[in-house]
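1. this one's structure only:
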């Protein structure tokens with residue numbers, strides 16, 4: 001479910017408005033613990049407000065970790081492959097222990113630095129022991145899952161999500177199963193859509209720690225964008241270009257589904273207007289079948305707009321512009337044909353804009 005955000009959401013009135021909004025949509029059968037929900041949501045907001053400071057601190061810790069890694073290599077640690085693995089495991093365990101016991105920012109920085117350093121040492125050590133890439137990837141997935149289960153730290157959880165998805169991409173590349181990138185994208189598209197649309201239920205669910213919501217959301221979003229880059233930037237993955245439309249079998253229906261939710265929220269009920277909106281959407285989305293990255297980035301924009309997630313919205317807009325430009329560049333047409341395609345696309349966007357603004361203006365007057 002979606003939080004209808006207003007202002008900065010820092011006061012109790014805003015939270016109460018959100019609860020009333022969700023209750024109205026869900027109906028009388030919707031149950032929740034209001035006090036617990038307010039407490040958990042306040043924690044989430046506090047984590048978001050300090051994330052910029054955390055990132056700056058982590059950058060400092062990262063450079064410190066690199067310096068320490070250089071010291072270990074100069075000391076001759078690289079001569080012992082087993083020593084690299086053992087030392088890496090010690091760093092990872094120490095990072096998790098520090099994060100569980102202490103909740104201060106400086107400790108968070110230290111734990112994240114130690115965690116990253118530990119993963120690097122484990123990777124170097126296992127590679128030196130000639131352990132296969134598949135095995136290393138599976139080990140990293142298990143470590144990341146363990147990390148998410150033990151700690152609720154924002155950055156560690158975020159890194160773990162990226163590590164899991166990065167490991168899956170590495171498995172695809174290592175085994176030269178490039179067509180599986182479509183399945184990777186399909187799974188992430190469904191997960192991202194679910195996480196965005198079920199925000200309130202996930203935050204209120206006792207089985208899902210609320211502290212994990214934001215790192216999981218942004219981690220899945222970036223992982224999805226990485227997968228879209230592989231299908232949007234030709235030449236990176238050596239898959240059959242004839243089946244590039246496979247990812248569009250998921251992106252286009254999900255995009256239309258999210259558009260249907262938006263039309264309900266803004267109160268568009270006239271059948272003719274709905275037909276016009278859906279027709280324009282389909283008219284725009286069909287040409288993107290051969291470039292699922294475009295419809296995927298458009299889905300991200302719509303989801304972030306729906307839940308008022310400004311960071312994701314900015315990411316979606318930039319990615320949409322990039323994928324449009326890349327698709328235009330890759331077209332094997334003359335400059336005149338490309339210009340006609342852009343012109344027609346612009347007309348469709350303008351028509352869609354006119355229709356939506358008219359309906360929004362009509363609803364606002366009511």
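-> Perfect, I can see it now. Keep in mind it's a predicted model, so treat the numbers as computed, not measured. Numbers count the residues shown, from 1 in each chain.
2. the helices in the stretch 101-250 of the chain, which residues?
-> 105-128, 133-150, 154-174, 181-197, 199-204, 213-232, 248-265 (DSSP state H, counting those that start in this stretch).
3. Kindly calculate the angle that the last one makes with helix 213-232.
-> Which is helix 248-265. Comparing the axes of helix 248-265 and helix 213-232 via axes from the mean of the first three to the mean of the last three CA atoms, to 10 degrees yields an angle of 130 degrees.
4. Show me the helices in the stretch 251-366 of the chain, by range?
-> Taking DSSP H, counting those that start in this stretch to define them, one finds helices in the stretch 251-366 of the chain at 271-285, 292-307, 310-330, 335-365.
5. Now tabulate the helices of the stretch 101-250 of the chain in a markdown table and tack on mean neighbour count and mean pLDDT.
-> Using the backbone N, CA and C atoms, a C-beta is placed for each residue, glycine as well. As requested, the helices of the stretch 101-250 of the chain are exported to a markdown table (neighbours: other CB atoms under 10 Å; pLDDT from 0 to 100):
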| stretch | mean neighbour count | mean pLDDT |
| --- | --- | --- |
| helix 105-128 | 20 | 80 |
| helix 133-150 | 17 | 90 |
| helix 154-174 | 20 | 89 |
| helix 181-197 | 19 | 90 |
| helix 199-204 | 20 | 80 |
| helix 213-232 | 22 | 88 |
| helix 248-265 | 18 | 87 |
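6. now the ones you listed in JSON lines, with distance to residue 302?
-> As requested, these are exported to JSON lines (distance: least, CB to CB, whole Å):
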{"stretch": "helix 105-128", "distance to residue 302": "32"}
{"stretch": "helix 133-150", "distance to residue 302": "28"}
{"stretch": "helix 154-174", "distance to residue 302": "22"}
{"stretch": "helix 181-197", "distance to residue 302": "9"}
{"stretch": "helix 199-204", "distance to residue 302": "15"}
{"stretch": "helix 213-232", "distance to residue 302": "13"}
{"stretch": "helix 248-265", "distance to residue 302": "5"}
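7. Which among the ones you listed is found nearest to residue 320?
-> Among these, the nearest to residue 320 by CB to CB is helix 213-232 (10.3 Å).
8. Who are the packing partners of the closest one?
-> Using 3 or more CB pairs under 8 Å, 6 or more residues apart in numbering; DSSP states H and E, the elements in contact with helix 213-232 are helix 34-49, helix 154-174, helix 181-197, helix 199-204, helix 292-307, helix 310-330.
9. Rebuild the ones you listed as a markdown table, extending it with distance to residue 254.
-> Formatted as a markdown table, the helices and strands packed on helix 213-232 follow (distance: least, CB to CB, whole Å):
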| stretch | distance to residue 254 |
| --- | --- |
| helix 34-49 | 25 |
| helix 154-174 | 18 |
| helix 181-197 | 5 |
| helix 199-204 | 16 |
| helix 292-307 | 6 |
| helix 310-330 | 14 |
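10. By mean pLDDT, show me the worst of the helices of the stretch 251-366 of the chain.
-> The stretch with the lowest mean pLDDT among those is helix 335-365, at a mean of 62.
11. Spit out the contact partners of residue 127.
-> residue 136 (CB atoms under 8 Å, 6 or more residues apart in numbering).
12. quick one: pLDDT of residue 10?
-> 44.
13. Kindly report the same for residue 35.
-> 64.
14. Go ahead and confirm residue 88 touches residue 119.
-> Yes - using CB atoms under 8 Å, residue 88 is in contact with residue 119, at 6.9 Å.
15. residue contacts, the nearest residue to residue 164 once chain neighbours are set aside?
-> Nearest non-adjacent residue to residue 164, counting by CB to CB, 6 or more residues apart in numbering: residue 144, 4.8 Å away. Residues near residue 144 by CB under 8 Å, 6+ apart: 159, 160, 161, 163, 164, 167.
16. Looking at those residues, spot the one nearest residue 284.
-> Distances from residue 284 to the contacts of residue 144, taken by CB to CB, are shortest for residue 161, at 31.1 Å.
17. circling back: any idea which of the helices and strands packed on helix 213-232 gets closest to residue 101?
-> With CB to CB, the closest approach to residue 101 among the helices and strands packed on helix 213-232 belongs to helix 154-174: 13.8 Å.
18. Quick check: which helices or strands does that closest one pack against?
-> Packed next to helix 154-174, using 3+ CB pairs under 8 Å, 6+ apart, are helix 51-74, helix 81-101, helix 105-128, helix 133-150, helix 181-197, helix 213-232.
19. quick one: contacts of stretch 149-163?
-> With contact meaning CB under 8 Å, 6+ apart, stretch 149-163 is reached by 47, 51, 54-55, 58, 95-96, 99-100, 108, 111-112, 115-116, 119, 140-141, 143-145, 147-148, 209, 211-212, 214-216, 218-220, 222-223.
20. My guess is residue 229 contacts residue 293. True?
-> Yes - the criterion here is CB under 8 Å, and residue 229 meets it with residue 293 at 7.0 Å.
21. Just read off the phi/psi values of the residue nearest to residue 327 when sequence neighbours are not counted.
-> Closest residue to residue 327 apart from its sequence neighbours, by CB to CB, 6+ apart: residue 291 at 4.4 Å. Main-chain dihedrals, residue 291, degrees, to the nearest 10: phi -140, psi 80.
22. list the contacts for residue 291?
-> 232, 244, 323, 327.
23. Just put those residues in TSV and tack on distance to residue 134.
-> Output for those, formatted as TSV (distance: CB to CB, whole Å):
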residue	distance to residue 134
232	26
244	26
323	31
327	33
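24. And these, which is closest to residue 255?
-> Closest approach between these and residue 255, by CB to CB: residue 323, at 13.6 Å.
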